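Peer 1: here is the input, now give the coordinates:
(one chain, ligands or ions: 1)
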Amino acid sequence: MTGALRAAFDDDRDADTFALRLDRYGPELLASLQAAYGEQAEPLLAQLLEVMLHAYHTRPADLKRLDEARLLTPDWLQQPETVGYVAYTDRFAGTLKGVQSHLPYLEDLGVTYLHLMPLLKPRPGENDGGYAVQDYRAVRDDLGSMDDLSALAADLRARGMSLVLDLVLNHVAQEHEWAAKARAGDPTYRAYFYVFPDRTEPDAYERTLPEVFPDFAPGNFTWDDAAQGWVWTTFNTYQWDLNWANPDVLREFVDIILHLANRGVEVFRLDAIAFLWKRLGTDCQNQPEVHHLTRALRACARIVAPAVAFKAEAIVAPADLIHYLGTRDHHGKVSDMAYHNSLMVQLWSSLASRDTRLFTRALSAFPPKPTNTTWGVYVRCHDDIGWAISDADTNAVGLSGPGHRHFLSDFYSGEHPGTFARGLVFQFNPQTGDRRISGTLASLAGLEAALDTGQPQAVDHAVRRILLLHAVILAFGGVPLLYMGDELALLNDHAFADTPEHAADNRWVHRPRMDWARAQGAARDPRTPHGRVNAGLRHLIHA
Ligand code: GLC
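Peer 2: Presented below is the predicted three-dimensional model:
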């Protein structure tokens, strides 16, 4: 570290700490910046140093202490007692303060990792469940304030629980300050996005781009009058994709990550990370630069806030997924954790087919992960289930890929004769025939239908299915992520469409409100199916 940099510290020990970390992570940071940005890497590194120094100086003492503790326990996310819980702040407890008042409930369940769904200030109206962020430095008004977030994080920390937040990297809301400036004609901010004057480039990209929301947001580009151009919008029309080939975007996100880390966020869920880098002639997912960007972001976080971990939300094929935990040069140097989407899909597939051959085949062919990383294992989450099962795997066990995927969609949408499941079709794509599925764990596993028929044996089977699925994720290894309400076997929320901004998106059917009456009543009564699920799940967690 140069003398000039040392002069930025009052305290020699602080300077030593920063210098040691910079020596450790600086080379990989620079290498990744060079891979992504070529000659722009060196000036960018100088800017990042300033951002890191500022964040280091303002990092609160208790978090610096946590940094030291984590450096002594680098496998903290791999401890067998780690149990995750995923909830919407408002649906779980109204506000951040409400969440704080319910921490004893989570403690009692054994939770050590709390993922609160997007809570940073979203755009008004439709906002993709909060994934259209207008301001990364403010909390959604009705949930509380940034100070409430820090207070909650501190309370969680004191109880041995980590706060996990979404970091939406691929896009911002069209109302975000950067987009507003771009629309007002500021060239600096226009360069934060992909805005094309005519259809030439969008059409060229579209030739190889899939559609994420073919139903309610077809295509990947949206005409914007103010910007006078076609804006890249992979997801909804109001979510503007960021141009990560612009080094300014990376610098902004280093600043945001460190700012939130200093507020007490311990794990960042890197939302839609597969989409960050665009390359003509490809599907613009899983490009090699994505891993360089992640390695650079992680190096910055390790230098300032080594307590922080990254979780990749890459819902991609196994051969692509493994790169998010790191292969070759990036081995163990990118995300610390990634969602195990295949495990989730295979669980539902074998539950429907009553056959584990495909499951066994797919999981045994799964690439091994770096030992310093872990899986996020789950049965349900806030998203739909897409049948990510490869033809190679189905063929190997004598099934047809398209046939099996068709069967699964029929089965879970309730169309297959004799099915126990009550789900909804999400995003039917007439071109590919894909039908994804929405529904709560309990409704997909048969409890809703069983309670309607009132047959005790059907109810019993549904309860056993729910516990079986949880037993697998709790035993598999990795961080089991319990999805709010599944511990009480909450059923589909068929009234979801009464909220106008949710009506078009049936993923809201499996985002019910927490049922506190049930949590305190029926869930304690072993004569109810909810009580059996709750007691069984607690037993599994304990085991
Ligand atoms: C992730 C989220 C999903 C959201 C999308 C766009 O896949 O899980 O809910 O729609 O990103 O941000």
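
Peer 1: residue 33 is in contact with residue 299, correct?
Peer 2: No - taking CB atoms under 8 Å as the definition, residue 299 is not a contact partner of residue 33, at 9.3 Å. From N, CA and C alone the C-beta is placed, and that goes for glycine too.

Peer 1: list the buried residues in the helix or strand where residue 157 lies.
Peer 2: According to DSSP states H and E, residue 157 maps onto helix 146-158. Judged by neighbour count using 16 or more other CB atoms under 10 Å, the buried positions of helix 146-158 are 146, 148, 149, 150, 151, 152, 153, 154, 155, 156, 157.

Peer 1: residues touching that helix, excluding its own?
Peer 2: Helix 146-158 is touched from outside by 62, 66, 95-97, 99-100, 103, 114, 119, 137-139, 162-163, 263-266, with contacts defined as CB atoms under 8 Å, 6 or more residues apart in numbering.

Peer 1: could you do stretch 56-64 as well?
Peer 2: 8, 14, 18, 67, 154, 157, 261-262, 264, 303-305, 307.

Peer 1: mind checking how far it is from the chain centre?
Peer 2: Chain-centre distance of stretch 56-64: 26 Å, with CA atoms, centre = their mean, to the nearest Å.

Peer 1: span of it from start to end?
Peer 2: Counting by CA to CA, to the nearest Å, you get 9 Å between the two ends of stretch 56-64.

Peer 1: likewise stretch 483-492?
Peer 2: By CA to CA, the extent of stretch 483-492 from end to end equals 13 Å.

Peer 1: ok, residues contacting it?
Peer 2: Applying CB under 8 Å, 6+ apart, the set of residues contacting stretch 483-492 is 85-88, 91-92, 109, 378-382, 422-424, 439-443, 447-448, 451, 463, 466, 470, 509-510, 512, 514-515, 518-519, 522-523, 529-530, 533-534, 537.

Peer 1: show me the contacts for whichever residue of the stretch 1-150 of the chain sits closest to the ligand.
Peer 2: Residue nearest to the ligand within the stretch 1-150 of the chain: residue 131 (3.3 Å; CB to the nearest ligand atom). Contacts for residue 131 (CB under 8 Å, 6+ apart) come out as 118, 122, 166, 168, 235, 239, 271, 272.

Peer 1: grab the nearest non-local neighbour of residue 469.
Peer 2: Distance criterion CB to CB, 6 or more residues apart in numbering; nearest residue to residue 469, sequence neighbours excluded, is residue 379 at 4.5 Å.

Peer 1: and for that neighbour, the neighbour number?
Peer 2: Using other CB atoms under 10 Å, residue 379 has 24 other residues around it.

Peer 1: state the pLDDT value of whichever residue of the stretch 251-400 of the chain sits closest to the ligand.
Peer 2: For the stretch 251-400 of the chain and the ligand, the shortest gap (CB to the nearest ligand atom) falls at residue 272, measuring 4.1 Å. For residue 272, the pLDDT comes out at 98.

Peer 1: for it, which non-adjacent residue is spatially closest?
Peer 2: residue 170 (4.3 Å).

Peer 1: does that neighbour really touch residue 234, like I thought?
Peer 2: Yes - using CB under 8 Å, residue 170 is in contact with residue 234, at 6.8 Å.

Peer 1: what residues does this structure put near the ligand?
Peer 2: 128, 129, 131, 168, 235, 271, 272, 313, 382, 383 (CB under 6 Å from any ligand atom).

Peer 1: any idea how far the residue nearest to the fourth one when sequence neighbours are not counted lies from residue 150?
Peer 2: Counting by CB to CB, 6+ apart, residue 168 lies nearest to residue 271, which is 4.6 Å off, once chain neighbours are set aside. Summarising the geometry, the distance separating residue 271 from residue 150, computed by CB to CB, to the nearest Å, is 22 Å.

Peer 1: do the same with residue 318
Peer 2: 38 Å.

Peer 1: in helices, which of the contacts of stretch 56-64 fall?
Peer 2: Judged by DSSP state H, the subset of the contacts of stretch 56-64 located in helices is 14, 18, 67, 154, 157, 261, 262, 303, 304.
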